[in-house]
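S.K.: Here's my sequence, what's the structure:
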Amino acid sequence: MTPWETWTALLAKPAPERSAAEATIVRAYILAMELEGGGLSAFLYNVSPAEGEPAAWLELRATADALDALDLPRPAERLRAIAMRFDQAGPSGATWDDRIQGAGPEGWLDAHAAAIEPLADAILAALERYTRATFGT
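M.R.: Numbering: from 1, shown residues only. Take a look at the predicted model:
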């Protein structure tokens, strides 16, 4: 099975049934695909806490942990910094743009996006190495 086939199979597996290594793969893969398809803001929107949930940004922090497992500490730290900023701002605004603006000064997220979005290919390369090392594919 190729890494791509492994990733596809893991996406179809229910989250509660995934091992820690499998969850790492899925989180990193989703991040890379979101960065290529919609950018960092789209990824953040998709992992943001649902209305009425505690604003802990747990999925974002878990994705940062996944990047650490792939030996990508710099983007992992940026994701944690983003989570902390959103946590400190709390739930604010009726729209996603309002929420971004409420979390920091004008352009704060753009700086993170400029650093993280170009790393999609590097994330996929690290993910391929991790997948091969973990599953021998």
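S.K.: for the lowest-mean-pLDDT helix or strand in the chain, which positions count as buried?
M.R.: The weakest-scoring helix or strand in the chain, judged by mean pLDDT, DSSP states H and E, is helix 96-102 (a mean of 89). Residues of helix 96-102 classed as buried: 99-101 (neighbour count, 16 or more other Cβ atoms under 10 Å). For the C-beta atoms, the positions are set from N, CA and C on the backbone; glycine is no exception.
S.K.: Output these in JSON lines; the columns should cover distance to Leu40.
M.R.: Conversion of the buried residues of helix 96-102 to JSON lines gives the following (distance: Cβ to Cβ, whole Å):
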{"residue": "Arg99", "distance to Leu40": "14"}
{"residue": "Ile100", "distance to Leu40": "11"}
{"residue": "Gln101", "distance to Leu40": "15"}
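S.K.: which of these lies closest to Arg85?
M.R.: Nearest to Arg85 among the buried residues of helix 96-102, counting by Cβ to Cβ, is Ile100 at 9.7 Å.
S.K.: pretty sure Arg132 is touching Pro3, no?
M.R.: Yes. Contact criterion Cβ atoms under 8 Å: Arg132 and Pro3 qualify, at 6.4 Å.
S.K.: For stretch 121-135, give the mean pLDDT please.
M.R.: The pLDDT scores in stretch 121-135 average 97.
S.K.: Show me which of Arg132 and Pro3 is the more surrounded one.
M.R.: Between Arg132 and Pro3, counted using other Cβ atoms under 10 Å, the more crowded position is Pro3 (19 against 13).
S.K.: Number of residues surrounding Gly38?
M.R.: When counting by other Cβ under 10 Å, one arrives at 13 neighbours for Gly38.
S.K.: how far away is it from Ala76?
M.R.: For Gly38, the distance to Ala76 equals 20 Å [Cβ to Cβ, to the nearest Å].
S.K.: Phe135: what's it in contact with?
M.R.: Applying Cβ atoms under 8 Å, 6 or more residues apart in numbering to Phe135 gives the contacts 1, 6.
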